[in-house]
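K.L.:
Could you work out the structure for the sequence below:
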Amino acid sequence: MSYLAAYGLFLTAAAVAVHSEAGLDEWVSLVTNGAMGVTALYAFKKERFGLTILSLIAMCTSVVWHSSGKYKEIDGFVSRYTAYYAFGTTAFRPEIIGPAMIFLALLFTYEAQFDETYAFIPLLVLLVIYKYKSITKRFIGALVVGVFAILCYRNAKWHSMWHVLGAITVALTIEPPKRQPRFYVKNTPIESL
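P.N.:
Just a heads-up that it's a prediction; the model follows:
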């Protein structure tokens, strides 16, 4: 089964959950968390192992939070970090952007005194400016789907749709890794210098 078909099934489940006004602890709403599992498989196929692990953890923490009502902050942290990391690694290497995104995810999860949109939007604008010459259709798609995902997140009745659109957003940030050219130093004997 293709990834598009799998996301289509989860979108259908989310639409059913929204239409039936299912609670977040009902099975049809819980099923929509599986979309992050599809993203994890896609990230694995594309050899983005960091996003593979983060997507699986995000899926698990969301299922635990929505099924038990426990660990809300952990789910919020993992969801934020996965999204920030996914967008950040479109422009920077994981070891550079990862620690900064951990700081932001911790700040907005545990010390949020203001709406994170006020910080996230300027950072996203800076990312777009930085990537200006290398923006792809997939990145634009991630931005568009991400906006719809955030709108769904802010409406409790549409939260199931947030799960699926968020997973699709992360998947859209995954682009084939660019091959770095290898260069070799010519071994020259010292006497010839």
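
K.L.:
Following the chain past the helix-or-strand element of the chain with minimal mean pLDDT, name the next helix or strand.
P.N.:
Ranked by mean pLDDT, DSSP states H and E, the weakest helix or strand in the chain is helix 117-130, scoring a mean of 82. Moving toward the C-terminus from helix 117-130, the next helix or strand (DSSP states H and E) is helix 137-153.

K.L.:
and that next one, which residues are buried?
P.N.:
Phe139, Ala142, Leu143, Val145, Gly146, Phe148, Ala149, Ile150, Cys152, Tyr153 (16 or more other C-beta atoms under 10 Å). Bear in mind the C-beta positions are built from the backbone N, C-alpha and C, glycine included.

K.L.:
Adding pLDDT, write those residues out as TSV.
P.N.:
As requested, these are exported to TSV (pLDDT from 0 to 100):
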residue	pLDDT
Phe139	91
Ala142	94
Leu143	92
Val145	96
Gly146	92
Phe148	94
Ala149	94
Ile150	91
Cys152	92
Tyr153	90
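
K.L.:
ok, so of those residues, who is nearest Thr52?
P.N.:
Ala142 (17.2 Å; C-beta to C-beta).

K.L.:
pLDDT score for the closest residue to Thr136 other than its chain neighbours?
P.N.:
Leaving aside its chain neighbours, Thr136 sits nearest to Glu175 (6.4 Å; criterion: C-beta to C-beta, 6 or more residues apart in numbering). Here, the pLDDT recorded for Glu175 equals 81.

K.L.:
Distance-wise, check Glu175 relative to Arg93.
P.N.:
As defined by C-beta to C-beta, to the nearest Å, Glu175 lies at a distance of 14 Å from Arg93.

K.L.:
And these two? Which one has more around it.
P.N.:
Neighbours per residue, other C-beta atoms under 10 Å: of Glu175 and Arg93, the larger number sits with Glu175, 15 against 9.

K.L.:
For this protein, give me the ranges with low pLDDT.
P.N.:
Scanning the chain for pLDDT under 70 picks out the ranges 1, 112, 114, 176-193.

K.L.:
What are the buried residues along the longest helix anywhere in it?
P.N.:
With secondary structure taken from DSSP state H, the chain has its longest helix at helix 49-68. Buried residues in helix 49-68, counting neighbours by 16+ other C-beta under 10 Å, are found at 51-52, 54-59, 61-66.
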